[in-house]
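Asks: Model the following, please.
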Amino acid sequence: MKNIFLYSVLLFVTLFNSSCEKVVDIELDNSEPKLVIDAIIKWEKGTTGENQTIKLSLTNDFYTNEILPANGATVTVTNSSNVIFNFTEVPNTGDYVCDNFQPVIGEVYTLEIQYDGEIYTSSSALYPTPDIINVEQETVVGISDEDEIQIKYFYQDNGAEENYYLLGVKNPNKQFPEFGVVSDEFFQGNVMFGFYGSSETEPGITLDLSVQGISKSYHNYMNKLIAIAGSGSGNPFATPPATVRGNISNITTNSNYPLGYFFLSEIDTVSYLVQ
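Replies: Here you go, the predicted structure:
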């Protein structure tokens, strides 16, 4: 079975040292800020899924890590029965929260955001997710001839349909979670697994392992983001070198499209104590 390697979706800004003593300032043209919409609704298994958050921000200059919150938006999600769920901003944070959301597998939801005189919208169904059924740990000799702990966690694919998955690992020794995407193209109906190996995995720490059923389009979107992250090519809070468009449209000004994605699914997470 093919190993599934997990890569960090978030990029790091790397500062390069130069042997030259002369400082050269390069002026870069700053584009107009774009709205960034993080509207991934995750229904954690075993919970009601009532508490959800949508994050809105603006792209910033290339040489800054500062996140600019998009304040004052009106954010709603509506189901197919025209039940409206209002997401209200935590003041001045860009975080819009809802405490009465009703997640239903297969239900279609529509996102609408009104911000700065423009309307953004998208629709998505809520996808199911298999349970994590087992976790295995193995210690192997790594490429530096030092012992490395490797983790596999298993889940059952539904053989009656084409499936795509987003796999995640939160390692307390790393600043950001790591992600990878996979399809069941070669594993239809079989038990599949996520594979994680890192030199920063040590006995006594707890890893949060997750699997999330996703659509083919979201799989392709995340695959592109992961590829950009792997290149180490820039600042995630500015416009990426190759703009990755999501599934959200600006129906007021089509050319002023946002960045980000709207998607809903279950998610199964297991906390694993490394031995």
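
Asks: So which elements touch the top strand by length along the chain?
Replies: Of all the segments of type strand in the chain, defined by DSSP state E, the longest one is strand 259-273. For strand 259-273, the packing partners by 3 or more CB pairs under 8 Å, 6 or more residues apart in numbering; DSSP states H and E come out as strand 35-44, strand 118-127, strand 132-141, strand 147-156, strand 206-214, helix 216-231. C-beta here means a position set from N, CA and C on the backbone, and glycine is covered the same way.

Asks: Dump the C-alpha coordinates for it into CSV.
Replies: Taking C-alpha atoms only, strand 259-273 is exported to CSV below (Å, rounded to 0.1, in the frame of the first residue of the first chain):
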residue,chain,number,x,y,z
LEU,A,259,-8.8,33.4,-2.0
GLY,A,260,-9.9,30.5,0.1
TYR,A,261,-12.5,27.7,0.1
PHE,A,262,-16.0,26.8,1.4
PHE,A,263,-16.4,23.1,2.3
LEU,A,264,-18.1,21.0,4.9
SER,A,265,-17.4,17.5,6.2
GLU,A,266,-17.1,15.2,9.2
ILE,A,267,-13.7,14.8,10.7
ASP,A,268,-12.4,12.0,12.9
THR,A,269,-9.5,12.7,15.2
VAL,A,270,-7.6,10.4,17.5
SER,A,271,-5.0,11.5,20.1
TYR,A,272,-2.1,9.0,20.2
LEU,A,273,0.5,8.9,23.0
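
Asks: In it, which residues are buried?
Replies: 259-269, 272 (16 or more other CB atoms under 10 Å).

Asks: repeat for stretch 215-226
Replies: For stretch 215-226, by 16+ other CB under 10 Å, it's 215, 218-219, 221-223, 225-226.

Asks: now do stretch 117-135
Replies: Quick answer for stretch 117-135 (16+ other CB under 10 Å): 120-122, 124, 126-127, 129-130, 132, 135.
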